[in-house]
Structure formats: structure tokens, C-alpha cells
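Student: Provided below for reference: sequence and predicted model.
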Amino acid sequence: MQLLVQRTDQMSQDLETRIDTFIRHLEKERRLSPHTVSAYRRDLNALIDFCKNQSVSIESVDSYFIRRFASESHRKGASPRSVARRLSAIRGFFGYLMRTGVVSVNPAINIQAPKPSRRLPATLDADEVASLLTLSTEDALSMRDRAILELFYSSGLRLAELVSSNLADLDFQDGTIRVIGKGNKTRVVPVGRHALEALKAWMLIRASMAKKEEEAIFVTQRGTRIACRTVQARLKRWGMQQGASTSIHPHMLRHSFATHMLESSSDLRAVQELLGHASISTTQVYTHLDFQHLAQIYDKAHPRARRS
């Protein structure tokens, strides 16, 4: 037993020595920042601990062992991003050992970290949207901004789609707007009654603001096409002014549009078409939001779900 402990300690010391040499290489030759070097050290120390617990020498580490290390790290609470960073450090370490002739293969070269769970998009509920859209329209810019907000929520447009839209794309008679989405794909989407009213009001103001040859629906005080950053800044400002509980950005209104459509209709294919998603799997993220909504209703309403 004592011999096994001594052997494990020796293997651990050998690995630590190799890592110390590698760390000096990062500091002196590659001249990485202290912060980056510290991250390498921390990640490789995790490998030392795992090798020590498994009584494995540096020469015995193979791809199966690295895969077990990654899996165990994730099981113990390391995020997919942290596991990916650890694997990157290990790949760099074994790449260095290969160049110095210590090992003949890099066991971490084809090992991938677990995929991160997809974050659910932030949304506003119907009351929050209604509050946001009751902004005061006392001047030209607020009239424009009201139309922008209404169109975002009414039609689920991407920021780039809204900014690039031209007068010729808007059809008041049919109540639609033609947009060019990702992959240069064109789609025609409905525009709701409130959005059409806001757009008609804005058109009266726009006529005196836009430069003669300007085709954009939304323009600045200088009469030129509005920029994405300007829209983002204006929405953030209106969110704060209207007392929104979170920072408002264009994609949040698109997410809210999709979520509320699914809550009302449950027609995933229709929402896919409206959003301009090439794949139904992209749209399916909103079904998770919808399920959260249904789960909350269930918890509140079902007698057997209530907690005493």
C-alpha cells in the first residue's frame, strides 16, 4: 500500500514538473498575460488531481482518459465553457510535450466539450409590451420610434430587416411588409392594425424629414436611413423611460412576438415562416418558453400541483 502511495506521488510530481516547464514556456517564450497563464495553471491543476486520483502517469494518458476527465469535470459542475477551456489547455500542454519529445501523440486533439444548453431568449409579457408601446408621441422622433416599436412587435422583424426596409416594401392596402432576411431570402409578413396606424402617422412626419432620394422607411433628423445602433439606443432609452424591468433591445421584441404567437396559436410552422427561420429547430426554442408558460399555469391551477 505504501509503495502504491509513493508511486502515485512520484507520478504526480513528474506531471507537476512537466506542467511547471510548460507554464514557464507560456510566460517566457509565448509571453502570455498573467491572467491567461493563471487560467492555464488552474485548468492543468485539475488534470493533475484527476491523474493522481486515478494513479495514471503522464505517459499513460490517452484519449479515453481525457474523455473521462472532461465527463467527470462536467458531472461535478463545470460548465460546458469551462470544460472546453480545460480541454484547450490540455491540448496546448500535450502539443508542447510532443514538440519536446516527451509523448508521441496528443490525446486531447479530438476530444470535444459537452454542448452548452441553449439559453432561452428574454421576452416581455403582453402587459409589459403594452406599457412600452404607450410612449408619448409629442415630437417627430417619438412618432418614428413608436412606429419602430409597433413594427418590431407586430411583425417579428430582425433589426437589420427593419433598418433596411424601404417605402416600396410597405403595402398599406394589404397590410404587409416585404423584408430581406438572412441568406438574402425575401419574405412577406403581415403588419398589425396598431402598427399600420403608427406607420401612417410617421409617414406624415417623414415626408418633411427625409432627403429627396431617400428610400428608407425610417430616417434620422438628417434625413438619411437610420442606423442599427441608433435603433438599439432609442429602444433602450424608451425602455428605461417607460419603467421596463429589463433592458429593451430589438431582438427582445422579436422574441416576444414569437412567444405570444405560439401561446395563442401553437402553430410552429406558421411562426417559422413569419420569423424567416430556415430550420424548424431554430423556432422550436420558443416551444420551451411556451412550455414554461403552461407549466406556470398548471402549478397555479391544478389542485394536485399546489404545495401546502
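Tutor: That came through fine.
Student: can you pull the buried residues of the host helix or strand of Arg237?
Tutor: Counting by DSSP states H and E, the element that carries Arg237 is helix 228-241. Of all the residues in helix 228-241, those buried under the rule 16 or more other Cβ atoms under 10 Å are 231, 234-235, 238-239. No exception for glycine: its C-beta is placed from N, CA and C like everyone else's.
Student: average model confidence for it?
Tutor: The pLDDT scores in helix 228-241 average 90.
Student: and the helix or strand following it, how far out from the chain's middle?
Tutor: Next helix or strand after helix 228-241 toward the C-terminus (DSSP H and E): helix 250-265. Here the centre of helix 250-265 is set off from its chain's centre by 16 Å, with Cα atoms, centre = their mean, to the nearest Å.
Student: go on, stretch 44-63?
Tutor: Using Cα atoms, centre = their mean, the offset of stretch 44-63 from its chain centre is 34 Å.
Student: Pull the residues that contact it.
Tutor: With contact meaning Cβ atoms under 8 Å, 6 or more residues apart in numbering, stretch 44-63 is reached by 4, 7-8, 11-12, 14-16, 18-19, 22-23, 65, 69, 72-73, 86, 89-90, 93-94, 97, 102-103, 107-111.
Student: give the contact list for Arg225.
Tutor: Contact partners of Arg225, counting by Cβ under 8 Å, 6+ apart, are 163, 214, 216, 218-219.
Student: Which of the residues you listed fall within helices?
Tutor: Per DSSP state H, helices hold the following members of these: Val163.
Student: Out of the contacts of Arg225, which one has the lowest pLDDT?
Tutor: Among the contacts of Arg225, pLDDT bottoms out at Val163, giving 92.
Student: what's the neighbour count on Ala168?
Tutor: If you count neighbours by other Cβ atoms under 10 Å, Ala168 ends up with 9.
Student: contacting residues for it?
Tutor: Residues counted as contacts of Ala168 (Cβ under 8 Å, 6+ apart) are Glu215.
Student: pLDDT at it, what is it?
Tutor: With respect to pLDDT, Ala168 scores 95.
Student: isn't there a strand covering it?
Tutor: No: secondary structure of Ala168 (DSSP: H, G, I helix; E, B strand; the rest coil): helix, not part of a strand.
Student: I'd like to know how far it sits from Leu199.
Tutor: According to Cβ to Cβ, to the nearest Å, Ala168 and Leu199 sit 14 Å apart.
Student: Could you do Asp145 as well?
Tutor: From Asp145 across to Leu199, the span is 12 Å (Cβ to Cβ).
Student: Might one say that Ser165 is in contact with Ile177?
Tutor: Yes: using Cβ atoms under 8 Å, Ser165 is in contact with Ile177, at 6.4 Å.
Student: The two: which is more packed in?
Tutor: For Ser165 versus Ile177, neighbours defined as other Cβ under 10 Å are more numerous around Ile177 (26 against 22).
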